[in-house]
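**Student:** Turn this into a model:
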Amino acid sequence: MNPVFRASCLALVASAVLSACGDKEPPAPEISSRPVKTFLVAGSEGGSERSFPGRIESSNRAELSFRVAGTVQDILVKEGDLVVEGQLLAKLDPTDYQTVVNDRQATFDNAERNFQRGKELVGDGFISRTEFDRLEANFKTSEAALTAAKQDLAYTELKAPFGGRVAKRYAEKFEEIGIKQPMFTLQDVDQLQVKVDLPESLIRSLRPSQEVSEARSENTKVSAFVTFEGKPDQPFPLTIREISTRADPKTQTFEVTFNLPAPENFIVLPGMTATVTIDLSQVMQNADTTQWVPLNAVVADNALGARVWVLDPQTMTVSSVGVEVGRMQGDQVEILSGLDGGEEIVSVGAPYLAEGMQVTRMEESEQAEPRADDPK
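**Tutor:** Now for the predicted structure:
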């Protein structure tokens with residue numbers, strides 16, 4: 001083939017290909033910003049309040065049981081009933097105990113008569129002092145036995161040691177029940193307690209024990225309140241009662257107990273859960289500048305230093321900031337320094353960012369929980 005002709009053909013083919021490509025739409029431009037999930041670091045004021053899960057317990061709680069064994073003759077209350085101090089709750093069949101009382105009563109009456117006659121006879125010298133001492137001992141022994149029998153008979157009736165609510169019943173009518181076998185659980189519902197578990201960092205910063213004791217008074221400096229599910233806008237004030245000085249061996253947290261007067265217009269029962277909010281600015285000795293952020297927000301730089309990506313809301317760009325990290329709790333890590341509070345940092349997508357990169361915030365519907373096999 002003529003070289004000139006061949007070159008002309010190739011030029012025509014190339015021109016046709018270029019013309020065909022020009023008719024197609026250009027490829028879509030790459031996305032210039034990366035979607036990320038952000039986290040707002042608590043500020044100095046906003047971080048002064050921390051919320052913890054709490055559990056409700058009664059200030060007085062008792063497992064009630066009979067002090068003698070027998071057959072349950074009658075149960076006078078139901079689970080959930082409110083009772084007053086001294087109210088009769090249940091009775092055992094008293095027949096056997098009444099028989100013992102009758103027997104001890106007869107023995108006591110006989111010993112008492114002999115003792116009274118002995119006092120006259122020993123004075124006149126008709127019996128010896130030794131014989132009189134024997135009559136006196138029999139009298140006192142029979143008197144003690146009668147008192148014990150009457151006490152056992154009284155123990156066949158179970159009464160409330162304090163006012164409260166019957167939380168649980170463990171036996172039924174006509175059932176044989178043993179000594180100290182639980183019959184009821186009674187809980188005081190007028191004065192409740194709220195228990196929370198606080199981390200070591202907060203317990204270490206609490207005021208000394210003397211001031212904690214002052215906090216138990218009406219003029220307490222500790223500001224705390226509790227809210228319940230369904231009524232988040234109705235807080236109930238709390239006063240601190242006691243602080244455990246021994247950590248839980250599993251969670252390494254310390255139990256703090258607050259007093260909660262029973263609400264009048266809202267039913268709160270022992271065993272319920274609640275949210276306790278504490279104003280740490282009043283509880284702690286010094287201002288605590290530490291912050292807690294999601295673990296995924298912290299990445300390592302080339303020198304293996306910890307850094308977070310801070311978002312500039314004006315330009316929607318990110319810049320890295322070096323931080324000092326402390327302990328980890330669950331999916332959060334403690335930031336000891338590097339953040340002042342109030343910063344918006346990247347919590348999902350941090351490993352894929354670069355200095356000055358433009359980002360966009362994910363919509364709530366896009367912020368799904370990461371899967372276990374997703375890269376951090």
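**Student:** Determine the longest helix present in this structure.
**Tutor:** helix 95-124 (DSSP state H).
**Student:** can you pull the buried residues of it?
**Tutor:** Under the neighbour-count criterion of 16 or more other CB atoms under 10 Å, helix 95-124 has 96-97, 100-101, 104, 107-108, 111-112, 114-115, 118, 122 buried. All C-beta spots, glycine's among them, are computed from the backbone N, C-alpha and C.
**Student:** can you count the residues close to Gly322?
**Tutor:** By other CB atoms under 10 Å, 12 other residues sit near Gly322.
**Student:** Low-confidence stretches in the protein?
**Tutor:** Scanning the chain for pLDDT under 70 picks out 1-32, 42-48, 201, 204-222, 280-290, 363-376.
**Student:** quick one, domains of it?
**Tutor:** Domain ranges of the chain: 35-44+290-366, 49-60+188-283, 64-92+157-186, 94-155, per automatic domain parsing.
**Student:** so what does the helix or strand Asp74 falls within touch, helix or strand wise?
**Tutor:** Counting by DSSP states H and E, the element that carries Asp74 is strand 70-75. Counting by 3 or more CB pairs under 8 Å, 6 or more residues apart in numbering; DSSP states H and E, the packing neighbours recorded for strand 70-75 are strand 88-92, strand 176-177.
**Student:** Asp340 is nearest to which of the ones you listed?
**Tutor:** strand 88-92 (60.0 Å; CB to CB).
**Student:** and that closest one, what does it pack onto?
**Tutor:** strand 70-75, strand 157-159, strand 182-187.
**Student:** Contacts made by it with the rest, please.
**Tutor:** The contact list for strand 88-92 (CB atoms under 8 Å, 6 or more residues apart in numbering) reads 64, 66, 68, 70-77, 83, 156-160, 166, 177, 183-184.
**Student:** got the buried residues for it?
**Tutor:** Applying 16+ other CB under 10 Å to strand 88-92 flags 89-92 as buried.
**Student:** quick check, nearest of those residues to Glu343?
**Tutor:** Leu89 (59.8 Å).
**Student:** Dump the C-alpha coordinates for the longest strand seen in the chain into PDB.
**Tutor:** The longest strand of the chain (DSSP state E) is strand 231-243. The C-alpha trace of strand 231-243 is given here as PDB (Å, rounded to 0.1, in the frame of the first residue of the first chain):
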ATOM      1  CA  LYS A 231     -40.200  12.900  81.700                       C
ATOM      2  CA  PRO A 232     -36.800  14.400  80.600                       C
ATOM      3  CA  ASP A 233     -38.100  17.900  81.300                       C
ATOM      4  CA  GLN A 234     -38.900  17.200  84.900                       C
ATOM      5  CA  PRO A 235     -35.700  17.100  87.000                       C
ATOM      6  CA  PHE A 236     -35.700  16.100  90.700                       C
ATOM      7  CA  PRO A 237     -33.000  17.600  92.900                       C
ATOM      8  CA  LEU A 238     -30.500  15.300  94.700                       C
ATOM      9  CA  THR A 239     -28.300  15.600  97.700                       C
ATOM     10  CA  ILE A 240     -25.200  13.500  98.100                       C
ATOM     11  CA  ARG A 241     -25.300  10.900 100.800                       C
ATOM     12  CA  GLU A 242     -22.100   8.900 100.700                       C
ATOM     13  CA  ILE A 243     -19.100   8.000  98.400                       C
END
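**Student:** Assign a three-state SS to Gln151, would you?
**Tutor:** Under DSSP: H, G, I helix; E, B strand; the rest coil, the three-state class of Gln151 is helix.
**Student:** Quick one: neighbours of Asp331, just the number.
**Tutor:** 8.
**Student:** With Pro351 instead?
**Tutor:** 12.
**Student:** What values do phi and psi take at it?
**Tutor:** Dihedral angles of Pro351 (phi, psi; degrees, to the nearest 10) stand at phi -70, psi -10.
**Student:** residue ranges for the strands of the stretch 201-350 of the chain, please.
**Tutor:** Taking DSSP state E, counting those that start in this stretch as the criterion, the stretch 201-350 of the chain contains strands spanning 224-228, 231-243, 253-261, 273-279, 291-294, 299-300, 306-312, 317-322, 324-329, 332-337, 344-348.
**Student:** Nearest to Met357, out of these?
**Tutor:** strand 317-322 (5.7 Å).
**Student:** Can you pull out the residues in contact with that closest one?
**Tutor:** Contacts for strand 317-322 (CB under 8 Å, 6+ apart): 36, 301, 305-312, 338-339, 343, 346, 353, 355-359.
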